[in-house]
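# Need coordinates for the below:
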Amino acid sequence: MAESKESIRLQARQKDGITQVKALIKHPMETGARKDRTTGELIPAHFIQSVQCHYRDTLVMDATWSGGVSKNPYFAFSFKGGEAGEEVSLSWTDNKGETDSVITNIR
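Numbering: from 1, shown residues only. Sure, this is the predicted structure:
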């Protein structure tokens, strides 16, 4: 993975055997269909293609996205298990090969 650009804000909380993960990713998410107002030319596509979350080296969430996801996407999901203090990692890769990842501790 590339050195973190701090594009991801990640939270994980455990309650009653379920860990809820919330993430906000800073990314332009351009579809490739929008025109630049100044030049009238199409803005090149630039969007996240893959988002993955791991807990204890196990993939607990794997998403494939396209240009249809909004700028700076927020999403949340849950998985069974997780203990306070343990680590959850989240990473993304976009259509230009850029990546970022972050690790947080479950609360």
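
# only C-alpha atoms for contact and neighbour calcs from this point on.
Will do.

# Number of residues surrounding residue 61?
14 (other C-alpha atoms under 10 Å).

# ok, so what distance separates it from residue 53?
Residue 61 is 5 Å from residue 53, where distance means C-alpha to C-alpha, to the nearest Å.

# repeat for residue 97
From residue 97 over to residue 53 (counting by C-alpha to C-alpha), the distance is 18 Å.

# Neighbour count: the two, which is higher?
Set residue 97 next to residue 53 and count neighbours by other C-alpha under 10 Å: residue 53 wins out with 20 against 11.

# so who does that one touch?
Applying C-alpha atoms under 8 Å, 6 or more residues apart in numbering to residue 53 gives the contacts 59-62, 88-91.

# Show the low-confidence segments of this protein, by residue range.
Applying pLDDT under 70 to the chain flags residues 1-5.

# Try it again at 50.
Along the chain, segments meeting pLDDT under 50 span 1-4.

# How about residue 18: which residues does it bridge to?
Per DSSP bridges, the residues bridged to residue 18 are residue 15, residue 80.
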